[in-house]
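[1] Can you look at this prediction? I've put the sequence above it.
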Amino acid sequence: MRTLAKGACVVLLVLTLLAAALLTYSTARGYTQWWLISGGHVAVDGVRGGYLHTNWSYPFVMITRTDSKRDQSYLVRLSGSAKFSQGITYCGDWHAPRFPAFPIGDLNPPCMGVLEDPDPAEADRPLSSTLTARPGFVEFTTLQGKKVTARW
């Protein structure tokens with residue numbers, strides 16, 4: 001019995017090390033991007049309700065609203081970078097988890113606007129023309145007239 005437990009621990013250790021090595025490799029090669037929760041806050045029509053994540057490699061922020069039945073996320077490209085122009089993408093049925101950090105891989109990433117899935121019933125798309133984005137601040141209005149503000 002003791003040998004079986006010892007063998008199971010060794011297998012678990014090897015699998016953990018393998019997973020860590022794969023994650024490290026994919027992060028170093030740029031296949032995986034990490035999103036870290038920010039200490040800022042999100043407000044919808046002046047009432048706090050949400051959380052946000054920032055990307056450590058690119059000038060992006062992911063804003064998640066929690067004021068409706070379903071959480072809704074928006075991916076915002078911040079201005080100030082020659083590589084990316086300012087813009088906003090609605091994440092549709094997917095929303096960012098509340099984890100302090102989470103990875104997104106380069107194969108079929110959520111919230112990148114590549115595939116246009118039908119919107120969920122509670123969808124509230126952003127009006128791109130109302131976007132004001134700069135480091136530490138994002139503000140936009142949605143189709144339902146909600147004013148979303150994020151500061152970090």
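    Cool, got the structure.

[2] Which helix or strand lies directly C-terminal to the lowest-mean-pLDDT helix or strand in the chain?
    When each helix and strand of the chain is scored by mean pLDDT, DSSP states H and E, helix 2-28 comes last, with a mean of 81. On the C-terminal side of helix 2-28, the closest following helix or strand by DSSP states H and E is strand 32-37.

[3] I'd like to know which elements that next one is packed against.
    With contacts taken as 3 or more CB pairs under 8 Å, 6 or more residues apart in numbering; DSSP states H and E, strand 32-37 sits against helix 2-28, strand 50-55, strand 101-105. Every C-beta, even on glycine, is put in place using the N, C-alpha and C of the backbone.

[4] so which of the ones you listed gets nearest Val148?
    Taking CB to CB, strand 50-55 is the member of these nearest to Val148, at 7.9 Å.

[5] Relative to Trp34, how far out is Leu75?
    15 Å (CB to CB, to the nearest Å).

[6] neighbour count winner among these two?
    A count of neighbours by other CB atoms under 10 Å puts Leu75 above the other of Leu75 and Trp34, at 22 against 15.
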